[in-house]
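>>> Model the structure of this input:
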Amino acid sequence: LPPSSKGVMRLLAYAMQGRLSTLCTEPDEKAELMPADLAASALIAVTAHTSSVRRNWYNKETEDSENLSQIVLDSEIPIYNLVSSNQSPLSWREFFVCSLRHARSVPFLDTAWYPHLTLTPSKLWFSMLFYIFHLLPALAVDCFYTFTENPNVVNSKISRVYDKYTSMQKQCEAVTVHTVTSQRYQDNNTQALWRTLSIADRTAFNFSVSQLDWDEYLYTLARGVRLYCLGDSLDSIPRAVKRMKKLKLLHYSCVAITSFTIIMIMRALLKFVLF
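Model prediction:
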């Protein structure tokens, strides 16, 4: 993704690549997400509607310009909120689970690890997980390449993994204002505007959130990120799938070994304490 791209979608791209494994998020909170094409259609419809209303005011009050100004000043300025939580709610858990499921069906060539994401509303727990999953391994990689005898590797981008993940952690913390707590918006004006449109206008400028199929949208999103953001051709999917199978096996092997090690350590501690 381009450096100017920020927010949840950039973090989702990291997760799709297996580069992000945890995020500070309230899983059951509603995600206020909106496809850009719906927002653009709503903007055009609002502009056309506002222009029509003001033209009617002008035609009605052409003989009294002062009265026209008073009408405009006294009228309440309408606010059009385009939100998904009222008509097509989607939780953060559903959003990330569905997105990663589709991403695993069309994996990227440069996938770093098997795509998975641990969501937690606790900032402390998130910091601990981020350190274990990312900062500690990144520090180990940097140390390895720092002490290597090849000076070209030391000066390469690989030797700055820790800095990259520190920046990623700041991005994760920046979006918590949206992912941990949510604000409720009313979209009555937007729904009323939709009802005033003709069938032709609804087809040309469709911004009806109630008709939004999130599963279909996220299916398209995964392929769009792969093709247009990361530059991976869809022809390379078979090779990426083979790589994904190996990463999946490696991931679950690490999970099994780690779980077994933790169980054995706890068992040894219990024996030491009790006996």
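
>>> how many neighbours does residue 99 have?
24 (other Cβ atoms under 10 Å). (Each C-beta comes from the backbone N, C-alpha and C, glycine too.)

>>> The stretch 101-250 of the chain: strands as residue ranges?
Along the stretch 101-250 of the chain, counting by DSSP state E, counting those that start in this stretch, strands occupy 118-120.

>>> what about the helices in it?
Taking DSSP state H, counting those that start in this stretch to define them, one finds helices in the stretch 101-250 of the chain at 123-130, 136-146, 151-154, 161-174, 176-179, 188-196, 199-204, 214-224, 237-274.

>>> Run through the chain and note the low-pLDDT ranges.
Applying pLDDT under 70 to the chain picks out residues 1-6, 54-76, 149-159, 275.

>>> and the end-to-end length of stretch 122-135?
Start to finish, the residues bounding stretch 122-135 are 18 Å apart (Cα to Cα, to the nearest Å).

>>> Please enumerate residues in contact with it?
Under the contact criterion Cβ atoms under 8 Å, 6 or more residues apart in numbering, stretch 122-135 has outside partners 20-24, 118, 120, 162, 165-166, 168-169, 172-173, 176, 180.

>>> Please list all residues in contact with residue 26.
Going by Cβ under 8 Å, 6+ apart, residue 26 touches 92, 121, 179, 180, 181, 182.

>>> Would you quantify the distance from it to residue 49?
Distance from residue 26 to residue 49, counting by Cβ to Cβ, to the nearest Å: 36 Å.

>>> ok, now residue 22?
In terms of Cβ to Cβ, residue 22 sits 44 Å off from residue 49.

>>> try residue 273
Counting by Cβ to Cβ, the gap from residue 273 to residue 49 is 71 Å.

>>> out of the two, which sits in the busier spot?
residue 49 (18 against 7).

>>> What number of residues are in the vicinity of the closest residue in space to the more buried one that isn't next to it in sequence?
Spatially, and ignoring its direct neighbours in sequence, residue 49 is nearest to residue 193 (5.8 Å; Cβ to Cβ, 6 or more residues apart in numbering). Burial measure for residue 193: 19 neighbouring residues, criterion other Cβ under 10 Å.

>>> what about burial for the contacts of stretch 122-135, which qualify?
Buried members of those, scored by 16 or more other Cβ atoms under 10 Å, are 20-24, 120, 162, 165, 168-169, 172, 176, 180.

>>> ok, the residues you listed vs residue 96, which is closest?
Closest approach between those and residue 96, by Cβ to Cβ: residue 23, at 7.6 Å.

>>> Using the three-state scheme, assign the closest one.
Following DSSP: H, G, I helix; E, B strand; the rest coil, the label given to residue 23 is strand.
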